[in-house]
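**Student:** This is a predicted model, with the sequence first.
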Amino acid sequence: MDDQSTRWPPATRVVLPSFTDFAPPQRVNGLSFTVGELPEFTVNDGRVVSHPGWDLLASIADYRNEADASIVIPSQNAGLGERAGSARYPTVLTGQVSLLSPPDRPAGTYHSTMTLTLVSR
């Protein structure tokens, strides 16, 4: 049986840190608003010759309260900065995530998952 690495171009690989720290929240129109910087992450695309690049898509899941997972801040309240994008070569990217907390959610620690999807062109 042939080794797959000899039959297929090298895979596209993303190296991504596991968390983002948010700045202390600010009050904006009576609501809690905060911004977090995503750590830099690297996309290595070994298919440079055989494929014309990729697009990076991002989605954010609902934020769940650490003490009570039934308390949720909907993902619609999160925003993603415009620093994700497209490229053709090994690329270092970063971004910004914002979160607007509804007034009826208790203070606390909330967790979410961001999914990054690379789509070949």
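**Tutor:** Sure thing, it's come through. Residues are numbered from 1 along each chain as shown.

**Student:** so Gln76 sits in a helix?
**Tutor:** Yes. Applying DSSP: H, G, I helix; E, B strand; the rest coil, one finds Gln76 inside a helix.

**Student:** what's the spacing between it and Ser120?
**Tutor:** Note on Gln76: its distance to Ser120, by CB to CB, to the nearest Å, is 29 Å. Placement of C-beta: from N, CA and C, glycine included.

**Student:** And the two? Which one has more around it.
**Tutor:** Ser120 (12 against 9; other CB atoms under 10 Å).

**Student:** For that one, name its beta-bridge partners.
**Tutor:** Following DSSP bridges, Ser120 is listed with bridge partners Trp54.

**Student:** need the longest strand for this structure.
**Tutor:** Assignment by DSSP state E gives strand 31-45 as the longest strand of the chain.
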